[in-house]
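Student: no sequence for this one, just the structure:
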């Protein structure tokens, strides 16, 4: 187990290093002078040269790469041209909003998709199953931004209780200084008004974000449940006279839940990716809308930072899922140790 | 169940291909998907002839007729400068499908060849290709595509480049898995013993075994490329106006929500329709060819 952990951690570091180098190379080989972009077309040639010196752009490439990587290790991502603050601070400020949105969405996905998947499996090949299949398909094929816009449209007319922009009503004064997550900090401070308002703000964006994954998780749960249903232990449990409800949810679901769990890491990553669209539509002050704003301004340091941080989340989420799986089911550990 | 059916088919003298086609036709959702895909392709090809107002595709303006809701004259209403939304949607499909062809035309062959090589040669080739693929897969795709198009300056070609750079990895991983599973099969060993060249084994022995999986993947991919391209344009980083692009139309139209909803919702539904078609078709092909992705 220790060897496995060590191996996984080393692979993780390698992937992260590769990621950092790759992003840096992409950012440097693209045409266009970052200093010129930063200063705009009106800047004089001397100003550009001076900024190039300050940014270290005149150094040989390996030196630049080394400076960048050693900065990274110390958590220094350079300065944002858009906000003139260190990129790390900007990201640290925006990250909790995104994390809260993504985690809330993940909870919604699991809470909706797994029961529906179980239902589809119980009533397989009936009209319930077909209906759920169509619903999940609609979720998969509806682009996040189209759904977001339709939800906003509905909110304007019918769902007045749900705000369509921002994270918290500006009238509520509250600073989330413990974890940065409004729901968690609101609970810790005992501010139920904050928790209620933040949940209302979270509702529409997280529905827009959740739709695509719900279908996927549902299908996987359905398949796994059907597969488990044919195993002997289920028949044995029934033969003992254990109520059907208990057999389904206590015995079968425990085994079947391994399958949806395997894709949760991937799901988490794709949520961070899709958050770019949803945050944009709902003016959610997270890392993705920071990313879009800095991208539009060609703020390279900030863009690199955002991409890198999202990449880290992706890799770490997958590692966590792998670990959880190997704790649940030793077979996964053996497969992972042998390499994929 | 299916084994029994297969025997029946065999006794009726149906070839494997006829059998697969039969299975496809019996799946109503797959047929609907194929019809949707065909309708989108026809709309794109015939847009100049079937669009009620072909001049709406360009920078045409008709201010007297702006913001008019869906009616018999303008089935999907008109936009903020009086252009017919339906005509722009039909022309928009040209851009979407062009993007699909451009992206998949490069990404699929590249991904397939790398996957074949990684699976077949093993060793260092495998390590380098697959580790690089892992890294590429760790990049948040939308963020990367946004970053690339923003730095290269936003337009259709650069959006295509950005999406292509990210897309090949999925095919590499798919083919790699298939090849790895095939490597222990006798026919590979037989080909080797018979003195077949690497090229022969890669492209004449292994590749044919990947074709069905790739076909299914392409069909499913097409929908997601459309989605991806629309998302880029929606954020202002893809196709630039006045070219009629569905994502751009949703973005422009959303400024007039909620009163003039059709300007954003109609192109949005048009995107949904195309993606739905490719997905149903892909699912149908998957069942028909019996492949796992």
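Tutor: Looks like it came in fine. Remember, it's a predicted structure, so these values are computed and weren't measured experimentally.

Student: thinking residue B:213 is in contact with residue B:181, fair?
Tutor: No: using C-beta atoms under 8 Å, residue B:213 is not in contact with residue B:181; the gap is 10.9 Å. Quick note: C-beta positions are derived from backbone N, CA and C, even for glycine.

Student: More neighbours: which of these two?
Tutor: It is residue B:213, of residue B:213 and residue B:181, that has more neighbours when counted by other C-beta atoms under 10 Å in any protein chain shown, with 20 against 11.

Student: State the distance from that one to residue B:106.
Tutor: 19 Å (C-beta to C-beta, to the nearest Å).

Student: repeat for residue B:145
Tutor: 15 Å.

Student: out of those two, which sits in the more crowded spot?
Tutor: residue B:145 (29 against 17).

Student: Sticking with the more buried one, tell me its helix or strand.
Tutor: Assigned by DSSP states H and E, residue B:145 belongs to helix B:141-152.

Student: List the contacts of that helix.
Tutor: A:26-27, A:30-32, A:273-274, A:276-277, A:288, A:291-292, A:295-296, A:298, A:300, A:303, A:306-307, A:310, B:158-159, B:161-163, B:165-166, B:228, B:231-232, B:235, B:237-238 (C-beta atoms under 8 Å, 6 or more residues apart in numbering or on different chains).

Student: if we go to 7 Å?
Tutor: Outside helix B:141-152, the residues within contact range by C-beta atoms under 7 Å, 6 or more residues apart in numbering or on different chains are A:30, A:32, A:273-274, A:276, A:291-292, A:295-296, A:298, A:303, A:306-307, A:310, B:158-159, B:162-163, B:165-166, B:228, B:231-232, B:235, B:237-238.

Student: Restricted to buried residues, select these in PyMOL.
Tutor: Remark: buried members of those, expressed as a PyMOL selection using 16 or more other C-beta atoms under 10 Å in any protein chain shown:
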select buried, (chain A and resi 273+274+276+291+292+295+298+303+306+307+310) or (chain B and resi 158+159+162+163+165+166+228+231+232+235+237+238)
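
Student: next one: stretch A:228-245 to chain centre, how far?
Tutor: 37 Å (C-alpha atoms, centre = their mean, to the nearest Å).

Student: try stretch A:96-106
Tutor: Taking C-alpha atoms, centre = their mean, one finds the center of stretch A:96-106 at 7 Å from the center of the full chain.

Student: Name the residues that touch that stretch?
Tutor: Stretch A:96-106 is contacted from outside by A:167, A:176, A:179-183, A:202, A:205-206, A:209-210, A:268, A:271-272, A:275, A:284-288, using C-beta under 7 Å, 6+ apart.

Student: Buried ones among these?
Tutor: Among the contacts of stretch A:96-106, those buried by neighbour count (16+ other C-beta under 10 Å) are A:167, A:176, A:180-183, A:202, A:205-206, A:209-210, A:268, A:271-272, A:275, A:284-288.

Student: near chain B, which of those residues show up?
Tutor: residue A:272 (C-beta under 7 Å from any C-beta of the partner chain).

Student: Looking at the buried ones among the contacts of stretch A:96-106, which are in strands?
Tutor: Judged by DSSP state E, strands contain none of the buried ones among the contacts of stretch A:96-106.

Student: which ones among the buried ones among the contacts of stretch A:96-106 are found in helices?
Tutor: Using DSSP state H, A:182-183, A:202, A:205-206, A:209-210, A:268, A:271-272, A:275, A:287-288 are the members of the buried ones among the contacts of stretch A:96-106 that sit in helices.

Student: Return the member of the residues you listed nearest to chain B.
Tutor: Distance to chain B across those (C-beta to the nearest C-beta) is lowest for residue A:272, with 6.0 Å.

Student: Would you mind measuring from the closest one to residue B:226?
Tutor: Distance of residue A:272 to residue B:226, computed by C-beta to C-beta: 22 Å.

Student: Can you list the buried residues in the helix or strand where residue B:37 lies?
Tutor: If you go by DSSP H and E, residue B:37 is part of helix B:28-50. Neighbour counts using 16+ other C-beta under 10 Å place B:29, B:30, B:33, B:34, B:36, B:37, B:40, B:43, B:44, B:47 of helix B:28-50 among the buried residues.

Student: Just the angle for the next helix or strand after it relative to helix B:28-50, thanks.
Tutor: Note on helix B:28-50: by DSSP H and E, the next helix or strand toward the C-terminus is helix B:85-121. Put simply, helix B:85-121 runs at 130 degrees to helix B:28-50, going by axes from the mean of the first three to the mean of the last three C-alpha atoms, to 10 degrees.

Student: near chain B, which residues of chain A?
Tutor: Chain A comes close to chain B at residues A:15, A:18-19, A:22, A:30, A:32, A:137, A:140-143, A:145-146, A:149-150, A:152-153, A:156-157, A:269, A:272-274, A:276-277, A:280, A:291-292, A:295-296, A:298, A:303, A:306-307, A:310-311, A:314-315, as judged by C-beta under 7 Å from any C-beta.
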